[in-house]
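A.B. asks: Just to be clear, the model below is a prediction. Sequence and coordinates:
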Amino acid sequence: MSQPPIFAFENLALQQGGGWLFEDINLFIGARDRLALIGRNGAGKTTLMKLVAGTVEADKGKRVVVPGTNIVMLDQDPDVASFDRLVDFAVHGEKGPPEYAVRAIADQLGIDLDREAKTASGGEKRRAAICRALASEPDLLLLDEPTNHLDLAAIEWLEDWLTRYRGAFMVISHDRTFLTRLTRQTFWLDRGLLRRNEIGFGGYDAWTERVYAEDARNADRLDAKLKIEAHWLERGVTARRKRNQGRLAKLYEMRAARAAMMGPQGTAKLAAASDDSKTKTVINAEAVGKSFGDRTIIKDFTLRIQRGDRIGIVGANGTGKTTLIRILTGETQPDTGSITLSPTLTGIVIDQQRKLLSPEKRVRDVLADGSDWIDVRGVRKHVQGYLKEFLFDPELIEARIGTLSGGEQSRILLAREFAREANLLVLDEPTNDLDLETLDLLQEVIADYDGTVLIVSHDRDFLDRTVNLTLGLDGSGKVDIIAGGYADWEAKRDRRDTNDARKKADKAAAPAEQSAPKPPARPAKLSYKDQRDYDLLPGRIEAIDGEIAAAEAEMADPALYTRNPARFSELTAKCEALRAEKEAAEERWLELAMLVEEMAG
């Protein structure tokens, strides 16, 4: 830890049920720490965060807080039911923030705090809770799944705020992009132990694989079936990550093939298809348009969706994602244009409402109607073996659904639905309530799925790992069609925003330019220096990534800080300098890429 601690918990222990949830944990948080708290569903992450906040009392241990330290927690499910308006919730309590501070943040987040609390959506409740937490001027901010129910614009705003925030924070999140961009240290809660490493989430996978490998070696040395069984999940996680690397390579090939099928950027039309490709078409949209009153939701949208496509649908709340999904699946008819669905198309819709799960039912009842066997897309499997494929202890077969955590219920729902025969899968925010290992599993299942997948999600990393086409909505009615994932859509959006800003600036300056000499014409080609930078910067960026990974790998040694603090400080400074160099290199290359694009156009 590179900063003096403002919070500590020594020899922390907490009982749950008949045993210890965790025992003899030592936890320290520095004044500028940016901590990711990682662990599986049920490991006790939220409980540990509440112990730090002081809202749950430990059975053992000493909690030490530097006097004057303001600790604020953003709960995963804010309770607003007892308040008339959202603003009443946001300012309540003796330590509640002033209303003007709360409203200032609300204006930036785009939420009406005068909204009746009882009619507020999940996203509005979460925004109100964020306003309260940030306006409270915390020294230590505890964030439990802060991106749930937020759209992309709100997530990016929160990332920017936390980047500028001068205090410490600890965050629980399944959003890999959010964690990678913001965190610099990691707490890993695993089987009752809390490990700390002075690396951000970007180095988490490599660190855990080393730990799991050592655990597996230790288990192998003990000739005991019980010990080996205790590690089947960890080994599965490591193997899954390696398999998913191969799946990513296949996904990139799919993206390249899809890009080759599309016309010039911005036309959103496919090139003439062969007879063979026509037989693979499952959904054909031609010049589709949809409006509600005077507002155009979708206009002139054309796309031929092929069997096996994995399509991500992104955009801010209210831009028309749900409407587009309903049109593509035939639930809603367009006002103009046409939608043609393959006559053999059969779909499954998985949302976050868990409507199929009754609390009193057993896991066996939900998965196999009480049987010991389940048909998984035509293949007969034992239900306990199928449970293991979805990261469950097979002994949970008799557990009641109501006793499972939200994440476990989501996993049961996924296991049930993926077993059904269908060739179209619609996933509506599938990543909410899932831990990182389950997201790896979901990525694997989607990659192996034979049919077509439509995914509505705000999880940027998950989309980058799973989809080969992205449909981006901006609220104007236009639908961008990008061969690639979220990052590809974001890059196009940023280029367009930059070009729009440049055009506005040129238009504003036009009157003055009428009497001024015309500026020199843009060169037909790059200068020698620009061309050299354009050619070499991608390689340099890749090399920087390698240097950062090497430094973080060395810092992943838990004993390095105590054994050689000077080396640790040197590596920390090196990583910061490399990240700054990478950011500057990326900005420079993006400027040159836009220049090349303009000259080509």
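C.D. replies: Yes, it's here.
A.B. asks: Can you give me the domain boundaries for the protein?
C.D. replies: 5-213, 260-491, 520-600 (automatic domain parsing).
A.B. asks: Go through those domains and name the closest to residue 247.
C.D. replies: Residue 247 lies closest, by C-beta to C-beta, to one member of these: domain 260-491, at 4.2 Å. (Each C-beta comes from the backbone N, C-alpha and C, glycine too.)
A.B. asks: follow-up on the earlier one: would you mind putting the domains of the chain into TSV with distance to residue 248 and mean neighbour count alongside?
C.D. replies: Shown next, in TSV, are the domains of the chain (distance: least, C-beta to C-beta, whole Å; neighbours: other C-beta atoms under 10 Å):
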stretch	distance to residue 248	mean neighbour count
domain 5-213	13	18
domain 260-491	6	18
domain 520-600	16	14
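A.B. asks: could those go into JSON lines alongside distance to residue 251?
C.D. replies: Below are the domains of the chain laid out as JSON lines (distance: least, C-beta to C-beta, whole Å):
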{"stretch": "domain 5-213", "distance to residue 251": "16"}
{"stretch": "domain 260-491", "distance to residue 251": "6"}
{"stretch": "domain 520-600", "distance to residue 251": "20"}
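A.B. asks: Among those domains, which comes closest to residue 250?
C.D. replies: For residue 250, the closest of those is domain 260-491, at 7.2 Å, according to C-beta to C-beta.
A.B. asks: just to revisit the earlier point, weakest of the domains of the chain in terms of mean pLDDT?
C.D. replies: Note on the domains of the chain: domain 520-600 shows the lowest mean pLDDT, a mean of 76.
A.B. asks: can you confirm residue 380 is in a strand?
C.D. replies: Yes - the assignment for residue 380 is a strand, going by DSSP: H, G, I helix; E, B strand; the rest coil.
A.B. asks: Tell me if I'm right that it and residue 371 touch.
C.D. replies: No - applying C-beta atoms under 8 Å, one finds residue 380 not in contact with residue 371, separated by 10.4 Å.
A.B. asks: before we move on, back to that, quick check: which of the domains of the chain is nearest to residue 253?
C.D. replies: Nearest to residue 253, of all the domains of the chain, is domain 260-491, at 9.0 Å by C-beta to C-beta.
A.B. asks: Quick one: end-to-end distance for that closest one.
C.D. replies: Domain 260-491 has its terminal residues 19 Å apart, counting by C-alpha to C-alpha, to the nearest Å.
A.B. asks: same deal with stretch 37-51?
C.D. replies: For stretch 37-51, the separation between the terminal residues is 13 Å (C-alpha to C-alpha).
A.B. asks: Likewise for stretch 471-491?
C.D. replies: Terminal-residue distance, stretch 471-491 (C-alpha to C-alpha): 14 Å.
A.B. asks: What ranges does the stretch 351-500 of the chain have for its helices?
C.D. replies: 363-368, 383-389, 406-418, 436-448, 460-466, 486-514 (DSSP state H, counting those that start in this stretch).
A.B. asks: now the angle from the fourth one to helix 406-418?
C.D. replies: Meaning helix 436-448. Calculated by axes from the mean of the first three to the mean of the last three C-alpha atoms, to 10 degrees, helix 436-448 forms an angle of 10 degrees with helix 406-418.
A.B. asks: now what about helix 436-448, what contacts it?
C.D. replies: Applying C-beta atoms under 8 Å, 6 or more residues apart in numbering, the contact partners of helix 436-448 are 38, 40-41, 174, 176, 237, 240-241, 243-244, 247, 250-251, 310, 389-391, 407, 410-411, 414, 418, 425, 430-431, 434, 453, 459, 462, 465-466.
A.B. asks: Contacts only, for the closest residue to residue 454 other than its chain neighbours.
C.D. replies: Spatial nearest neighbour of residue 454, chain neighbours left out: residue 426 (4.8 Å); criterion: C-beta to C-beta, 6 or more residues apart in numbering. Contacts for residue 426 (C-beta under 8 Å, 6+ apart) come out as 325, 329, 347, 348, 349, 350, 453, 454, 456.
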